[in-house]
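*Asks:* have a look at this prediction, sequence included:
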Protein chains: 2
Amino acid sequence: MARLVGRVSAPTLGRRRQRRSAEREKSIRAAALRIFRQKGFHAASMQNIADAVGLYKGSLYYYVSSKEELLVRLFEGRADQVLGEIRAITYGTGTCTEQLRAMVRAYVLGVLRNLDSVRVYLREEHVLPPAALRQVHDEQRTMRDLFEGVIGHGMRDGSFVGTDPKLAALALLGMCTWVHRWYRPKGRLTETAIADDFADRAIRMLSV
Amino acid sequence: MARLVGRVSAPTLGRRRQRRSAEREKSIRAAALRIFRQKGFHAASMQNIADAVGLYKGSLYYYVSSKEELLVRLFEGRADQVLGEIRAITYGTGTCTEQLRAMVRAYVLGVLRNLDSVRVYLREEHVLPPAALRQVHDEQRTMRDLFEGVIGHGMRDGSFVGTDPKLAALALLGMCTWVHRWYRPKGRLTETAIADDFADRAIRMLSV
DNA sequence: CCTACCGATCGGTAGG
DNA sequence: CCTACCGATCGGTAGG
C-alpha cells in the first residue's frame, strides 16, 4: 500500500497525506526558526533541525531544497501585515500626531509579535541571497519612507519640530526596533504598555 | 647570529623581534575583526584570516590558541574608554540635562568610532564563552545603569518627565545604538552632527 | 633550548 | 521518507 501510494502522481495524492505533508513542512520551518534564533544560521545544522522534528537529516531535503531556502522562506511575507497596517494609517484621516502615534504603536507591536523572525533576520541578513536581500531591504525602505513621509508633513505644517525627517525616522525606528534586544515575554512590561509608552515618547521627541 | 639569538632566554629576546611579533598579532586581530564583520564568525574561516595577513593558516596558531579566543580578544577593553567618559560625566557638576546631553553625545560617538566591533559584537554575542559573555553583559548593564541613574535623578527633581527611568534608558540607548545599522562613513551626516542631533532628541524625549 | 613559521594531515562535519 | 554515502572544507595540530 505504502509503495503504491508512493507511485501515484503528485496531483492525485491522498488528501490526508497532503495535509500530513504540509503539517510536517510547517513543523520543519518552526523548528528551523527556533534553532536559527538559538544558535545562529551557520552554527545550526540540518541535523539539529532533523533531530528536532524526528527525521533523518537527508529526509529534510524532501521538503526543502537547501538550508538557505529554509532561511529565505522564514521571512517571506513576514512584513506584509505590519506594513499594511501602517500604510493604512497614513491613508487615514488623523492628524500627523495621531498618525505617527498609531504607526509607532503598530510597529512596536509588530516587532514584539515576531520576535524570533526579527532576531534571526537582523543577525542573518548577510546570508540571504541577492533577491531575498533586495526584498527585505525594499520592505525596510518602504517602512522608513512611510515614517519619513508623516514626519516630514508634520515638520512642514508645524506639528513637529526639526528639518530632517529622514534622520528623525531613523532615530525613531531605532528606538522601536531595539526592543527586540531587551524585551522578555515574562518581564514586568506588557507589549501594549511598551507600545503606548514608545508612541508617547516618539511624539515628545518631535514636539516643541 | 640567528642561532645565538635563538638561545637567549625569553626576557632578553631581541626588541625588534618582539615588536614584529606584536605588530603581527595586531594585524591578525584587525583582519579577524574585518572578516568577522563581513562574513560573520562562523562563515569566516581561519584560512580567510590567514590569507588577509599573508600567513599560512597553521601559523595563526602561533599567535592565537583558537578562533574563539580571537573573537573574545576583539572585545577586551573595547568599552572601557566610552564607559570611562560617561562615568566621568556623571561625576561632574552639570545639571541632569547637561549631563544626559553629554552622555548621549559620547555614547553615539563611541558607537560610530567602533563600528566594526559593535556590529560584530551585536551579531556574535551568542558565540562568546560564558566568562566573556558575562563581561560584556556587565559592561552593558553598567552603561544602562549610568543612563538610568541620571534619568531617574532628573525625573525626581522635575528636570525630566516620566516615572520609568529604566524604560527611558532602554528607549534612548536603542535609538543611539541603532546608528550602527544605518551610518555610512561617506554619507551626508558627520559623526558629530548625528551625535549632537541625538543629544537634542534625547532631551526633548524627556522634557515636558 | 626558543622563535617563527612550513607542508601535511588530523578527526569531524558541512550541505547535498 | 531512509540509508549510505560524496566532495569540500572546517578548526586545529603534528613533526621538523
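*Replies:* Sure thing, it's come through. Residues are numbered from 1 along each chain as shown, chains lettered A, B, ... in the order given.

*Asks:* tally of neighbours for the spatially closest residue to residue A:157 that is not a sequence neighbour?
*Replies:* Leaving aside its chain neighbours, residue A:157 sits nearest to residue A:96 (6.8 Å; criterion: C-beta to C-beta, 6 or more residues apart in numbering or on different chains). Every C-beta, even on glycine, is put in place using the N, C-alpha and C of the backbone. Residues lying near residue A:96 (other C-beta atoms under 10 Å in any protein chain shown) number 22.

*Asks:* what does chain A have sitting close to DNA strand C?
*Replies:* Residues of chain A lying close to DNA strand C (C-beta under 7 Å from any atom of the strand) are A:42, A:44-47, A:57-58, A:61, A:66-68.

*Asks:* repeat that with 10 Å
*Replies:* Contact residues (C-beta under 10 Å from any atom of the strand) of chain A with DNA strand C: A:39, A:41-50, A:56-58, A:60-61, A:64-71.

*Asks:* inside strands: which ones of those?
*Replies:* Counting by DSSP state E, no part of these is found in strands.

*Asks:* near chain B, from those residues?
*Replies:* A:39, A:41-43 (C-beta under 8 Å from any C-beta of the partner chain).

*Asks:* filter those residues to the buried ones?
*Replies:* For those, a burial check counting by 16 or more other C-beta atoms under 10 Å in any protein chain shown picks out A:41-42.

*Asks:* from the ones next to chain B among the residues of chain A next to DNA strand C, which is closest to chain B?
*Replies:* residue A:42 (3.4 Å; C-beta to the nearest C-beta).

*Asks:* the closest one touches residue B:39, doesn't it?
*Replies:* No. Judged on C-beta atoms under 8 Å, residue A:42 makes no contact with residue B:39 at a distance of 9.2 Å.

*Asks:* still on that earlier bit, turn the ones next to chain B among the residues of chain A next to DNA strand C into CSV, columns for distance to residue A:26 and pLDDT.
*Replies:* Formatted as CSV, those follow (distance: C-beta to C-beta, whole Å; pLDDT from 0 to 100):
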residue, distance to residue A:26, pLDDT
A:39, 21, 91
A:41, 20, 91
A:42, 24, 92
A:43, 23, 89
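
*Asks:* among the ones next to chain B among the residues of chain A next to DNA strand C, which ones lie close to DNA strand D?
*Replies:* residue A:42.

*Asks:* model confidence for the residue in chain A positioned nearest to DNA strand D, exactly?
*Replies:* The nearest approach of chain A to DNA strand D comes at residue A:58, 2.6 Å away (C-beta to the nearest atom of the strand). Here, the pLDDT recorded for residue A:58 equals 86.

*Asks:* before we move on, what about the one 4 residues further on?
*Replies:* Confidence per residue is given as pLDDT, and for residue A:62 that number is 88.

*Asks:* what's around it, how many residues?
*Replies:* Per other C-beta under 10 Å, the neighbour tally for residue A:62 reads 12.

*Asks:* any figure for the gap between it and residue A:69?
*Replies:* The gap separating residue A:62 from residue A:69 is 13 Å, by C-beta to C-beta, to the nearest Å.

*Asks:* what's the closest residue to residue A:108 other than its chain neighbours in contact with, if anything?
*Replies:* Leaving out its chain neighbours, the residue that sits closest to residue A:108 by C-beta to C-beta, 6+ apart is residue A:195, at 4.1 Å. By C-beta atoms under 8 Å, 6 or more residues apart in numbering or on different chains, the contact list for residue A:195 reads A:104-105, A:108-109, A:112.

*Asks:* what angle sits between the helix or strand harbouring residue A:195 and helix B:191-205?
*Replies:* Using DSSP states H and E, residue A:195 maps to helix A:191-205. Using axes from the mean of the first three to the mean of the last three C-alpha atoms, to 10 degrees, the inter-axis angle of helix A:191-205 relative to helix B:191-205 is 110 degrees.

*Asks:* so which bits of helix A:191-205 are buried?
*Replies:* Across helix A:191-205, burial judged by 16+ other C-beta under 10 Å covers A:194-199, A:201-205.

*Asks:* now that helix: how far from the chain's centre is it?
*Replies:* How far helix A:191-205 lies from its chain's middle: 20 Å, per C-alpha atoms, centre = their mean, to the nearest Å.

*Asks:* restricting to C-alpha, output that helix in CSV.
*Replies:* Provided in CSV are the C-alpha atoms of helix A:191-205 (Å, rounded to 0.1, in the frame of the first residue of the first chain):
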residue,chain,number,x,y,z
GLU,A,191,3.5,44.5,24.8
THR,A,192,0.9,47.2,24.7
ALA,A,193,2.5,49.1,27.7
ILE,A,194,5.7,49.3,25.8
ALA,A,195,4.0,50.2,22.5
ASP,A,196,2.0,53.0,24.2
ASP,A,197,5.0,54.4,26.0
PHE,A,198,7.1,54.5,22.9
ALA,A,199,4.3,56.2,20.9
ASP,A,200,4.2,59.0,23.6
ARG,A,201,8.0,59.2,23.5
ALA,A,202,8.1,59.5,19.7
ILE,A,203,5.6,62.4,19.8
ARG,A,204,7.5,64.1,22.5
MET,A,205,10.8,63.7,20.6
